[in-house]
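Student: compute the structure for the input listed below.
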Amino acid sequence: MRVAGAAIRKKRGVSGGVDTPDPAQLLAWYDRHRRTLPWRAQPGERADPYRVWLSEIMLQQTTVKAVGPYYARFLARWPDVMALANAPLGDVLKLWAGLGYYARARNLHACAQTVSEQHSGAFPDTEEGLRALPGIGAYTAAAIAAIAFDKRATAIDGNIERVIARLYAIEEELPKAKAEIRARAEVLVPQRRPGDFTQAMMDLGATVCTPKKPACAICPLCAPCTARARGDAETFPRKAPKANGKLRRGASFVAIRADGFVLVRTRPAKGLLGGMTEVPSTAWTADFDAARAREHAPLKANWRLLPGAVEHGFTHFPLRQSVYVAKVPAKTRAPGGMRWVARAALAGEALPNVMRKIVAHAGL
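Tutor: Prediction:
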C-alpha cells in the first residue's frame, strides 16, 4: 500500500517486518525547512569538524538559545582547534562560566590538546577514533561522524529520541526504552546523506515534534507515525518518575576589602565545579549545621548573615546556601590558597552560576 507518496516502506529489521518511514520524505522537508545555525554548514558546503565538535559539546544538557552567545565568543577567541589547544585552561573556564556542567569545559580543552598533539589538528573521521578522544561519548562521536564527515552513524539526542518514540509508540519507559529506540533509529539512517538526515531528525524534534503540542499536521512523517494515529503523541516518550535528590545546604563567605577587592579561591580540579572560581564556602551537605557556620569563615571578621538564602538546582540535588558578608581592612592578606580580586574583575572570573547568584545576593 502507498501512503502519501510512498511515505512508508516495508523493511525487515527490528522484530521482523515493520513499517518504516521513508528517509527521503524527511530529507525533502529538511531541504525546505532546515534551521540556520551558526555551526551548521550551508547547503553545498563541507562541514567544519571543529565547529561541529564545539557545538555538540556545548549543546550537551543545554539549549541552542543558551549556547549561541558562548559559541560565538569561543569561535572569535579560538577559531580552530590548534588555537584552543594552546589556550590556558583558566581562560577556557572563564569563557565557559555560566554555561554549566563544567567538566565539559575541562574535557573540551583536553580534547583540543589531544587532537593537536596526536592527530596534527585533524579530528578522526570515524566513531571509534572520535570516542577515543577526551569528553566524547557514544552520542557525540556518532553526531560528529554523521554531521562533519557524512558517515552512516546513529546519533540519538533528546529530539531524535522523542521522534522515534512517537513514530513507533514505544511503551517502555526511559531509560529502559533506549535500546529499542536505538534499534529503530539504526534502521532509518540512509546510506545517502546520513549527515543531513541526522540534522533533519534534530530539526524535526526541535521545531515540529516538540515535547508539548506537537504540530503533527505539518510533520513530514505524520502518515507512518503510530502515536499520531492513536492521538496520544504528547505522552511519548514514556518516562519513569524522576527521583529528586535530597536538599543540601551550606554557607558562603563574601569578604570585601576596604579597597573593593573580594576574596576568592579556585575549586579543586576534580569534582563538582572543578577548576572554577568561588567565594570561600563550606561543603554542601544534607546535615549542615547552620548554627556553627561561622566556624568555617576563611578569616576573622565581623561576619553578617544576609537575610534569605541562595537556591540553586544541580543535576542530582537542590542547594540552599546561606551568605555571610564582612568588610575587612585594605591590607588584609589572603589566606593560603585564596586571592583577592578587584570587584570590577569578578565578571571575568570563572564563576559558575551558583557563585554568580551568591555574589549578586551579596550586592556585588
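Student: all strands of the stretch 151-300 of the chain, in order?
Tutor: 248-257, 261-266, 277-278 (DSSP state E, counting those that start in this stretch).
Student: point out where the protein drops to low pLDDT.
Tutor: 1-19 (pLDDT under 70).
Student: nearest to Arg339, out of the strands of the stretch 151-300 of the chain?
Tutor: Closest of the strands of the stretch 151-300 of the chain to Arg339 is strand 261-266, at 6.2 Å (criterion: Cβ to Cβ). Using the backbone N, CA and C atoms, a C-beta is placed for each residue, glycine as well.
Student: the strands of the stretch 151-300 of the chain: which one's closest to Lys327?
Tutor: strand 248-257 (5.5 Å).
Student: could you pull up phi and psi at Pro38?
Tutor: Pro38 adopts backbone torsions of phi -60, psi -20, taken as degrees, to the nearest 10.
Student: ok, it - contacts?
Tutor: Ser55, Gly68, Tyr71, Ala72, Leu75 (Cβ atoms under 8 Å, 6 or more residues apart in numbering).
Student: got it, and Gly100?
Tutor: Contacts of Gly100 (Cβ under 8 Å, 6+ apart): Gln61, Thr62, Pro352, Asn353.
Student: ok so, going back, buried subset of the contacts of Pro38?
Tutor: Ser55, Tyr71, Leu75 (16 or more other Cβ atoms under 10 Å).
Student: domain parsing for this structure?
Tutor: According to automatic domain parsing, the chain comprises the domains 8-235, 248-361.
Student: what about the shortest one, start to end distance?
Tutor: When the termini of domain 248-361 are compared using Cα to Cα, to the nearest Å, they are 19 Å apart.
Student: counting neighbours, what do you get for the closest residue to Met338 other than its chain neighbours?
Tutor: Of all residues not flanking Met338 in the chain, Arg265 sits nearest, at 4.3 Å (Cβ to Cβ, 6 or more residues apart in numbering). Arg265 is flanked by 16 other residues according to other Cβ atoms under 10 Å.
Student: is Val341 in a helix, a strand, or coil?
Tutor: strand (DSSP: H, G, I helix; E, B strand; the rest coil).
Student: between the buried ones among the contacts of Pro38, which is nearest Arg320?
Tutor: Closest to Arg320, out of all of the buried ones among the contacts of Pro38 and judged by Cβ to Cβ, is Tyr71, at 32.4 Å.
Student: list the contacts of that closest one.
Tutor: Pro38, Trp39, Leu54, Ser55, Met58.
Student: what does Gly308 give?
Tutor: His361.
Student: got the contact list for the closest residue in space to Val359 that isn't next to it in sequence?
Tutor: Closest residue to Val359 apart from its sequence neighbours, by Cβ to Cβ, 6+ apart: Leu346 at 6.2 Å. Listed by Cβ under 8 Å, 6+ apart, the contact set of Leu346 reads Val262, Val264, Val359, Leu364.
Student: am I right that Leu346 is in a helix?
Tutor: Yes. Leu346: assigned to a helix according to three-state DSSP.
Student: contacts for the lengthiest helix in the chain next, please.
Tutor: Longest among the helix segments of the chain by residue count, using DSSP state H, is helix 103-118. With contact meaning Cβ under 8 Å, 6+ apart, helix 103-118 is reached by 53-54, 57-58, 60, 81-82, 84-87, 89, 92-93, 96, 99, 121-123, 133-136, 269, 274-275.
Student: returning to that earlier point: redo the contacts of Pro38 as CSV? Include secondary structure.
Tutor: Output for the contacts of Pro38, formatted as CSV (three-state DSSP):
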residue, secondary structure
Ser55, helix
Gly68, helix
Tyr71, helix
Ala72, helix
Leu75, helix
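Student: what about stretch 280-287, distance to the chain center?
Tutor: 25 Å (Cα atoms, centre = their mean, to the nearest Å).
Student: what do you get for stretch 57-73?
Tutor: 7 Å.
Student: ok, Trp303 - contacts?
Tutor: Phe253, Arg294, Ala297, Tyr324, Val325, Ala326.
Student: repeat that for 7 Å
Tutor: Phe253, Arg294, Ala297, Tyr324, Ala326 (Cβ atoms under 7 Å, 6 or more residues apart in numbering).
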